[in-house]
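Q: Using only what follows, build the 3D model:
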Amino acid sequence: MTRRGFTLLCLAIVSLAGCGGAGRPGQQPSPPVDERTANATADHGDPDGPPQAIIAVEGGDPVDGQVGSYVWRETGSDAPWLPGAPLAAGAGESLRVGLVPPAAIGAWRARYVPAGRHDATGAIALGDGVGPPIFPVPPIGLWTVEVQVDLRTGADSASYYWRVNVK
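A: Numbering: from 1, shown residues only. Take a look at the predicted model:
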């Protein structure tokens with residue numbers, strides 16, 4: 001069973017256990033949880049790790065990125081250049097990155113290499129800035145895009161990867 005499956009099973013058991021009674025007097029029901037945030041937390045499996053990054057073309061469905069190297073709350077992980085989560089985009093479109101759960105993004109940079117590369121050798125910049133990352137897709141082709149974000153918390157940062165097929 002996967003970690004996500006185990007987490008969902010545990011949540012289902014806890015939910016069913018809570019359905020049998022009226023609760024304690026004066027107890028308020030729990031507020032609804034945003035499904036996107038709940039799924040990202042369950043998929044990530046480590047509430048003390050960096051947030052999940054999602055990317056979408058204008059008007060498209062978001063795609064979770066693969067988390068690479070990060071520094072988060074005095075811990076970290078070093079990862080190689082990753083192949084990236086698949087995403088289709090049209091030539092001339094823009095990509096928008098967000099974090100789940102939401103976190104304030106300070107500086108960011110986006111760059112790409114041909115899909116299948118195992119490192120950043122020859123990476124080409126797509127953009128950089130401060131605040132929410134928005135940048136153009138690479139030219140027509142199959143690419144791995146890396147977005148590195150520095151969070152406004154200070155020393156926290158993370159890299160995320162997507163395999164972008166631009167047609």
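Q: ok, residue 113 - contacts?
A: Contact analysis of residue 113 by C-beta atoms under 8 Å, 6 or more residues apart in numbering lists 81, 119, 120, 121, 122, 123, 124, 143, 144. In short, each C-beta sits where N, CA and C put it, glycine included.
Q: Can you name the residues bridging to it?
A: Using DSSP bridges, the beta-bridge partners of residue 113 come out as residue 144.
Q: and it, how far is that from residue 82?
A: Distance of residue 113 to residue 82, given as C-beta to C-beta, to the nearest Å: 11 Å.
Q: Point out where the chain drops to low pLDDT.
A: Within the chain, the segments meeting pLDDT under 70 span 1-47.
Q: where exactly do the helices run in it?
A: Remark: helices assigned in the chain by DSSP state H are 3-17, 35-44.
Q: okay, now residue 66: neighbour count?
A: Number of residues near residue 66 (other C-beta atoms under 10 Å) recorded here: 18.
Q: Next: residue 69.
A: 17.
Q: quick one: contacts for it?
A: By C-beta under 8 Å, 6+ apart, the neighbours of residue 69 are 76, 77, 78, 79, 158, 159.
Q: As CSV, these with distance to residue 50 would be great.
A: As requested, the contacts of residue 69 are exported to CSV (distance: C-beta to C-beta, whole Å):
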residue, distance to residue 50
76, 9
77, 9
78, 13
79, 12
158, 4
159, 9
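Q: Name the member of the residues you listed with the most neighbours.
A: Neighbour-wise, the contacts of residue 69 (other C-beta under 10 Å) top out at residue 158, 26 neighbours.
Q: now it: how far from residue 115?
A: Applying C-beta to C-beta to residue 158 and residue 115 gives a distance of 21 Å.
Q: Give me the subset of the contacts of residue 69 lying in strands.
A: Taking DSSP state E as the definition of strands, the contacts of residue 69 contribute 76, 77, 158, 159.
Q: just these now: which is nearest residue 91?
A: For the ones in strands among the contacts of residue 69, the closest approach to residue 91 (C-beta to C-beta) belongs to residue 159, at 25.2 Å.
Q: wait, what's in contact with that closest one?
A: 67, 68, 69, 70, 79, 146, 147, 148, 149.
Q: repeat that for 6 Å
A: Contacts of residue 159 were listed using C-beta atoms under 6 Å, 6 or more residues apart in numbering, and they are 68, 69, 146, 148.
Q: try residue 70
A: 50, 76, 77, 158.
Q: give me that answer again for 8 Å
A: With C-beta under 8 Å, 6+ apart, residue 70 has these contacts: 49, 50, 76, 77, 156, 157, 158, 159.
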